[in-house]
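Visitor: I would like the atomic coordinates for the input below:
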Amino acid sequence: MSKGVIYILTNPSFPDYVKIGYAKDLEKRMKQLNRSETIPFAFRAYAVYEVESNLTDLVLHDLIDKLNPDLRSIENFDGKERKREFYAMSPEDAYDLLDSIAKISGTEERLKKMAPEGHEILDEETAAEVAKESRRGPFRFSKYGIPQNAELVFINDASVVVKVIDDRHIAYKGVTTSLSALAQQLLEYDYQVQGTAYFSYQGEKLTDLRERMESKK
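Guide: Numbers count the residues shown, from 1 in each chain. This next block holds a predicted model:
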């Protein structure tokens, strides 16, 4: 026997999917998944279900496929079909499925829902904000009452002040750039971020300013 857990993982980068799989050592598996620099946010464990066999997750995959074959992420690559451990379902629905299995088998004590840590909650909020902003289209300073030469402050460090050059660009230390590019540089991230989520004008974060002004329309 090889004891381990069936895990339900979430990731703010793709909120409509969960990853369901098996790991003998969940911490090691999480480190493997989060090592990639191509995914903006890290995976987090939503729930785990202790099992006795490393094949148990395959049985669960088959069960989900039989209940709804459209949920699993499947792609054709280089002429071959690849089935992934990602499912188009909410973590709550995935948990309910494991909860039902645990109740039927009398193993409720093996199922555990994990409490999110502070940085994980922040990642989820940031991802939701970025997605919301991207659907609205580009942020134009003049549209929200921010004139040329206005000063914007980086919310993580008030000593970082930039000047508005035109409707889409700012200047920092003599270099013309965009809010998103500068925020990514200052945060030392390997992926693009939503610049308006990290700068404020007259004490108000730009995303909040946009929300306030558009709510009046």
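Visitor: hang on, Q185 is in a helix, isn't it?
Guide: Yes. Assessed with DSSP: H, G, I helix; E, B strand; the rest coil, Q185 lies in a helix.
Visitor: I'd like the distance between it and K103.
Guide: Note on Q185: its distance to K103, by CB to CB, to the nearest Å, is 51 Å. In this view, the C-beta of every residue, glycine as well, is placed from N, C-alpha and C.
Visitor: just D25 next, same as before
Guide: Taken as CB to CB, the span from D25 to K103 is 27 Å.
Visitor: Give the burial count for H61, as a bare number.
Guide: By other CB atoms under 10 Å, the residues close to H61 number 18.
Visitor: Could you verify that it is part of a strand?
Guide: No. Going by three-state DSSP, the assignment for H61 is helix, not a strand.
Visitor: That one contacts R72, doesn't it?
Guide: Yes. When contacts are counted by CB atoms under 8 Å, H61 is listed as touching R72 (7.4 Å).
Visitor: what residues go with each domain of the chain?
Guide: Taking automatic domain parsing as the reference, the chain has its domains at 4-130, 138-215.
Visitor: If you average pLDDT over each of the ones you listed, which is lowest?
Guide: Confidence, taken as mean pLDDT, is least for domain 4-130 of the domains of the chain (a mean of 82).
Visitor: can you count the residues close to the nearest residue to L187 once chain neighbours are set aside?
Guide: Closest residue to L187 apart from its sequence neighbours, by CB to CB, 6 or more residues apart in numbering: V193 at 6.5 Å. The number of residues packed near V193 is 20, by other CB under 10 Å.
Visitor: Determine the three-state secondary structure at V193.
Guide: Assigned by three-state DSSP, the conformation of V193 is coil.
Visitor: what ranges do the helices span in this structure?
Guide: Along the chain, counting by DSSP state H, helices occupy 26-33, 56-67, 91-105, 118-136, 179-187, 206-215.
Visitor: And the fifth one, what's buried?
Guide: Think helix 179-187. Neighbour counts over helix 179-187 (16 or more other CB atoms under 10 Å) mark L179, S180, A181, L182, A183, Q184, L186 as buried.
Visitor: quick one: contacts for A45?
Guide: Y7, I8, L9, L26, M30, M114 (CB atoms under 8 Å, 6 or more residues apart in numbering).
Visitor: The fifth one touches Y46, doesn't it?
Guide: No. Taking CB under 8 Å as the contact criterion, M30 and Y46 are not neighbours in contact, 11.9 Å apart.
Visitor: any idea how far Y198 is from F41?
Guide: From Y198 over to F41 the distance is 16 Å, taken as CB to CB.
Visitor: which one of these two has more residues nearby?
Guide: Higher neighbour count among Y198 and F41: Y198, with 25 against 21, using other CB under 10 Å.
Visitor: Which residue is the nearest non-sequential neighbour of the more buried one?
Guide: The shortest distance from Y198 to any non-neighbouring residue, by CB to CB, 6+ apart, is to A183 (4.3 Å).
Visitor: again with M89
Guide: That would be L71: by CB to CB, 6+ apart, it lies 5.6 Å from M89.
Visitor: How much space separates that neighbour from G106?
Guide: Distance from L71 to G106, by CB to CB: 27 Å.
Visitor: Does the residue nearest to L187 touch A181 like I think?
Guide: No. Contact status for V193 versus A181: not in contact, 9.2 Å apart, counting by CB under 8 Å.
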